[in-house]
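**Q** One predicted model, sequence on top.
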Amino acid sequence: MSKVKITVTIEEELIKSLARWSKMAKESKSSLVEKAIRAWYQSILQKELIEGYQAMNKENLSVAESHLKASSEILR
C-alpha cells in the first residue's frame, strides 16, 4: 500500500512522548502513529460490530417470541 505524507498539528507533549516511544520501540514516529490510527479504527469497527450483533439479538428475540406466541395459539 502506498504511503502519503500529511501535516497535522498535535500538542507538544504528545510529540515529545511520541519521540520517546519511537526511540524505545526503535520504530519511526510515522510507524507508531499509523499503528495508533489502525488500533483506533479497529476499536471503532469492533464497537459497531458489537452494537450490530446486539441489535440483531434483540430483533431475533422479538421474532422468536412472536413465533412462539403464534405457535402456542395454534396448538390451543
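**A** Yes, it's here. Computed from a predicted model, the values in this text were never measured in an experiment.
**Q** so what's Ala70 scoring on pLDDT?
**A** What the model reports for Ala70 is a pLDDT of 66.
**Q** May I ask which helix or strand encompasses Ala39?
**A** helix 29-75 (DSSP states H and E).
**Q** ok, now Thr7?
**A** Assigned by DSSP H and E, Thr7 belongs to no helix or strand.
**Q** How many neighbouring residues does it have?
**A** Thr7: 4 surrounding residues under other Cβ atoms under 10 Å. (Glycine included, C-beta is placed from N, CA and C.)
**Q** which SS class is the residue lying closest to Ser30 once chain neighbours are set aside?
**A** Closest residue in space to Ser30, ignoring its immediate chain neighbours: Lys3 at 7.9 Å, by Cβ to Cβ, 6 or more residues apart in numbering. Classification of Lys3 using DSSP: H, G, I helix; E, B strand; the rest coil returns coil.
**Q** residues of the helix or strand encompassing Ser22 that come out buried?
**A** Ser22 is part of helix 12-25 when elements are defined by DSSP H and E. Judged by neighbour count using 16 or more other Cβ atoms under 10 Å, the buried positions of helix 12-25 are 18, 22.
**Q** and the angle for it with helix 29-75?
**A** If you take axes from the mean of the first three to the mean of the last three Cα atoms, to 10 degrees, helix 12-25 sits at 100 degrees to helix 29-75.
**Q** contacts for helix 12-25?
**A** 10, 28-29, 32-33 (Cβ atoms under 8 Å, 6 or more residues apart in numbering).
**Q** What mean pLDDT does it get?
**A** Summarised as a single mean, pLDDT over helix 12-25 is 97.
**Q** again with stretch 44-55
**A** 83.
**Q** can you give me how far that stretch is from the chain middle?
**A** 8 Å (Cα atoms, centre = their mean, to the nearest Å).
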